[in-house]
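>>> let's see this in three dimensions:
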Amino acid sequence: MSHTLTIRLTEPVMNWLKQESERTGIPIGRIIREHIERAMEAPGSQPFLRHAGKFNGPPNLSSRKGFSRT
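Predicted coordinates for the structure are as follows:
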């Protein structure tokens, strides 16, 4: 089943999409769809997450003296 999605893009993003579409001859919708599918296939594409849980300290910095909002 096919679904439609409406999104708002900034001018630079839209300009890039138009240029890429003209350069490759691929419709803008297909470019976006392929990028989303590629992102879904790469679950480890956030290399910074390898550092998760490796740092010591309070889990909530606001619990440190001087950082409390209350």
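>>> please make it C-alpha for all contacts and neighbour counts, starting now.
Noted.
>>> mind listing what's buried in stretch 17-30?
Using 16 or more other C-alpha atoms under 10 Å as the burial criterion, the residues of stretch 17-30 that qualify are 17-18, 21, 28.
>>> from those residues, which is closest to L5?
I28 (13.2 Å; C-alpha to C-alpha).
>>> so that closest one touches E22, yeah?
No: the pair I28 and E22 fails to qualify as a contact (C-alpha atoms under 8 Å) at a distance of 9.1 Å.
>>> ok, which stretches of the protein are helices?
11-24, 28-41 (DSSP state H).
>>> would a markdown table of these with mean pLDDT and distance to H3 be doable?
Shown next, in a markdown table, are those (pLDDT from 0 to 100; distance: least, C-alpha to C-alpha, whole Å):
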| stretch | mean pLDDT | distance to H3 |
| --- | --- | --- |
| helix 11-24 | 97 | 21 |
| helix 28-41 | 90 | 11 |
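>>> between these, which gets nearest to L5?
helix 28-41 (10.1 Å).
>>> tell me what the closest one is packed against?
The elements that helix 28-41 packs onto, with contact taken as 3 or more C-alpha pairs under 8 Å, 6 or more residues apart in numbering; DSSP states H and E, are helix 11-24.
>>> any chance of the helices of the chain in TSV, plus distance to A52?
Shown next, in TSV, are the helices of the chain (distance: least, C-alpha to C-alpha, whole Å):
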stretch	distance to A52
helix 11-24	31
helix 28-41	20
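>>> for K54, find the nearest of those helices.
So among the helices of the chain, helix 28-41 is nearest, using C-alpha to C-alpha, at 25.5 Å.
>>> residues of the closest one that come out buried?
I28.
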